[in-house]
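[1] coordinates for the following, if possible.
(2 chains)
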Amino acid sequence: MCGIVGLLVKNPKMRANIGELMMPMLIGMTERGPDSAGMAIFTEPVNKGDLKYSLYAPSMEFNWQGLAHDFDAHLGSRVSISSQGNHAILVSHLESSTIKTWIKEHYPTVHVLSVGQSIDVYKDTGLPADVAARYDFPKLSGTHLVGHTRMATESAVTPAHAHPFTAGEDWCLVHNGSLSNPNSLRRKLEHEGIMFETDNDTEAACRFLEWRMREGDDLHTSLQKGFEELDGFFTLLMGTKDQLALVRDPFACKPAVVAEHDDYVAIASEFRSLARLPDVKNAKLYEPMPEELYIWKV
Amino acid sequence: MESLDLQKISVRELNQYLHKELPTKGITQLEILNPDGVHSIAAGMDAPVDIDIQGHGGYYVGGMNKHANITVHGNVGWGVAENMMSGSVRVKGFASESAGASGHGGTLIIEGDASLRCGISMKGIDIVVGGNVGNFSCFMAQAGRLVVCGDAGDGLGDSLYEAVIYVRGKVKSLGADARIEPMTEQDYAAVKDLLGRAGFKHDPKEFKRVASAKTLYNWNADANQEY
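    As a prediction, the model looks like this:
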């Protein structure tokens, strides 16, 4: 079991407090996923030519300024870094492959959670309320977000195994369910030169879909191919820099409910996570159908 | 009328009150406020009381109900009235998956749509759905009746036993061993009675009957696992 939440605000005034609006949604999914939690939030893009990196360190006392200093010294390029405990957001105009390689060589315990112009990812083990407090989720602002609470059923409980998963740039995915063919999918993608960071089934789905889009498929086509390739149970919620997308497996084995309001679109595994949204009484509530693709644009 | 507010008490406190104190007080009517998608509201009722739930319920609303008449003024999550024994549950909005699962008796009325697996393994309950039902409804249903005023999804009545389904709209596909049969006078009378109980004004003549062809009742060694 796991819990999924998603929120896209249509009313620009609500962007400043999207984190606060999302909080009861995430907390509402605690029973469905008490072992880890995470969130991807899409913000104003960084300057053209720059990319930002959400980084995770194994210690709350990690010396992020030291990392920035070493980066500057080794790569001859200043970076801006803003940190909160074991999490930091680094912005740089260097090639992402250069940065990833440098981090791997010099700070092998630091994990790159996401890369993109708009995306920030936070995830860690612990109760959703604790993870939210660790990174001050209520203070976050942005246009749309994807959140997850995890109850692990198929791989270890570690920060890296928590959702959202990311691949490429400005792309993330959360999953409620379990896949039965992640290993064959993984072998197929490894032949394409795609590297995996965990043995988690969701990561296979995430990298598959991102690979298809990188190969030129649009989101719709890549998900059609996903239906052909992915075997198992899934409600998948995905985020790109300007949209949220949702699909459910043909048997709709995992729940989902949507609230569409003039001011926002909210998605959750269950209504209890939508109950505290402003004026939800006047939202259009419905259950997404199996095997149908739902896309909401910012 | 007595009001119980789920903002103020937990669902466990609510249900303990409904099970233990309520029957001793002779209360015949009460309402539950701020259900907000909480699970198991008024599950395990065993008293003849009318309960109005003012809002959306979570999973298993009115599960195992005996005697009570429960009305939800909103939508419900999975397994509404699952394993109901008697009494009634009415949902004013839509019901998520497995509505009335394994129900033994009583009447479940869903005014909106019911999602997938409505009436799965039902054992005597009557279910009336004002809108559509999702895929795999009445899977392995053993007894009771399902009336669908709208359309039915894929695999309707797969592996049915003695339960009977009446559908007014289109059936996307029938499940294994389910077939459309001619309506008899008894069927028209049954549909009329059930629609009347639900308060839906359709003509019973518009409904068709889906029941088991009973080819799965006995093991067929020659079928070579092809059904």
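[2] can you show me the helices along chain B?
    B:11-16, B:22-25, B:185-198 (DSSP state H).
[3] what residues of the longest one count as buried?
    Within helix B:185-198, the residues that qualify as buried by neighbour count (16 or more other C-beta atoms under 10 Å in any protein chain shown) are B:187-188, B:190-191, B:194-195, B:198. Where C-beta positions appear, they are placed from N, C-alpha and C, glycine not excepted.
[4] what packs against that helix?
    Taking 3 or more C-beta pairs under 8 Å, 6 or more residues apart in numbering or on different chains; DSSP states H and E as contact, the helices and strands that helix B:185-198 lies on are strand B:107-110, strand B:123-129, strand B:143-148, strand B:164-167.
[5] residues contacting A:Leu55?
    With contacts taken as C-beta atoms under 8 Å, 6 or more residues apart in numbering or on different chains, A:Leu55 has the following neighbours: A:64, A:87-90, A:103, A:110-113.
[6] can you flag which of the residues you listed belong to strands?
    Within those, residues falling in strands by DSSP state E are A:87-90, A:111-113.
[7] neighbour-wise, which of these leads?
    Of all those, the highest neighbour tally under other C-beta atoms under 10 Å in any protein chain shown goes to A:Leu113, namely 26 neighbours.
[8] you'd agree it is up against A:Lys123?
    Yes: shown here, A:Leu113 and A:Lys123 form a contact pair, counting by C-beta atoms under 8 Å, at 6.6 Å.
[9] so what sits against both of the two?
    A:Tyr56.
[10] which residue ranges of chain B form strands?
    The residue ranges that make up the strands of chain B, judged by DSSP E, are B:2-5, B:29-33, B:50-54, B:69-72, B:88-91, B:107-110, B:123-129, B:143-148, B:164-167, B:178-181, B:208-212.
[11] could you redo these as CSV and give each row mean pLDDT, distance to chain A and mean neighbour count?
    Converted to CSV, the strands of chain B look like this (pLDDT from 0 to 100; distance: least, C-beta to the nearest C-beta, whole Å; neighbours: other C-beta atoms under 10 Å in any protein chain shown):
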stretch, mean pLDDT, distance to chain A, mean neighbour count
strand B:2-5, 97, 14, 14
strand B:29-33, 98, 13, 17
strand B:50-54, 98, 11, 20
strand B:69-72, 98, 12, 24
strand B:88-91, 98, 13, 26
strand B:107-110, 98, 13, 27
strand B:123-129, 98, 14, 26
strand B:143-148, 98, 17, 25
strand B:164-167, 98, 19, 25
strand B:178-181, 98, 18, 17
strand B:208-212, 98, 21, 20
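[12] dump the buried residues of helix B:185-198 to JSON lines, plus distance to A:Thr43 and pLDDT.
    Listed next are the buried residues of helix B:185-198 as JSON lines, based on distance: C-beta to C-beta, whole Å; pLDDT from 0 to 100:
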{"residue": "B:Asp187", "distance to A:Thr43": "60", "pLDDT": "98"}
{"residue": "B:Tyr188", "distance to A:Thr43": "62", "pLDDT": "98"}
{"residue": "B:Ala190", "distance to A:Thr43": "59", "pLDDT": "98"}
{"residue": "B:Val191", "distance to A:Thr43": "56", "pLDDT": "98"}
{"residue": "B:Leu194", "distance to A:Thr43": "54", "pLDDT": "98"}
{"residue": "B:Leu195", "distance to A:Thr43": "54", "pLDDT": "98"}
{"residue": "B:Ala198", "distance to A:Thr43": "50", "pLDDT": "98"}
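[13] which of these lies closest to A:Gln224?
    Using C-beta to C-beta, B:Ala198 is the member of those that sits closest to A:Gln224, with 39.4 Å.
[14] go ahead and confirm the closest one touches B:Asp126.
    No: using C-beta under 8 Å as the test, B:Ala198 is too far from B:Asp126 to be in contact (9.3 Å).
[15] may I ask which helix or strand of chain B has the lowest mean pLDDT?
    Sorting the helices and strands of chain B by mean pLDDT, DSSP states H and E puts helix B:22-25 at the bottom, at a mean of 94.
[16] buried ones in that helix, by neighbour count?
    By 16+ other C-beta under 10 Å, the buried positions in helix B:22-25 come out as B:Leu22.
[17] neighbours of A:Leu127, just the number please.
    16.
[18] what's the end-to-end length of stretch B:104-118?
    Between the start and the finish of stretch B:104-118 there is a gap of 14 Å, counting by C-alpha to C-alpha, to the nearest Å.
[19] just the closest of the contacts of A:Leu55 to A:Trp211, please.
    A:Val112 (17.8 Å).
[20] do you know how far that closest one is from A:Ala57?
    Counting by C-beta to C-beta, to the nearest Å, the gap between A:Val112 and A:Ala57 amounts to 11 Å.
[21] which phi and psi does A:Asp189 have?
    I think there's a mix-up here, since residue A:189 is Leu and not Asp. Summarising the backbone geometry of A:Leu189 under the convention degrees, to the nearest 10, its torsions are phi -70, psi -30.
[22] state the pLDDT value of the closest residue to it other than its chain neighbours.
    Counting by C-beta to C-beta, 6 or more residues apart in numbering or on different chains, A:Arg207 is the residue found nearest to A:Leu189 once chain neighbours are left out, at 5.6 Å. A:Arg207 carries a pLDDT value of 95.
[23] dihedrals phi and psi, A:Arg207?
    Listed backbone geometry of A:Arg207 is phi -70, psi -30, with angles given as degrees, to the nearest 10.
[24] thought it was touching A:Glu192?
    No: taking C-beta under 8 Å as the definition, A:Arg207 is not a contact partner of A:Glu192, at 9.4 Å.
[25] tell me the centre residue of chain B?
    With distances taken as C-alpha atoms, centre = their mean, the residue of chain B nearest its centroid is B:Gly100 (3.5 Å).
[26] that's all I had, so thanks and see you.
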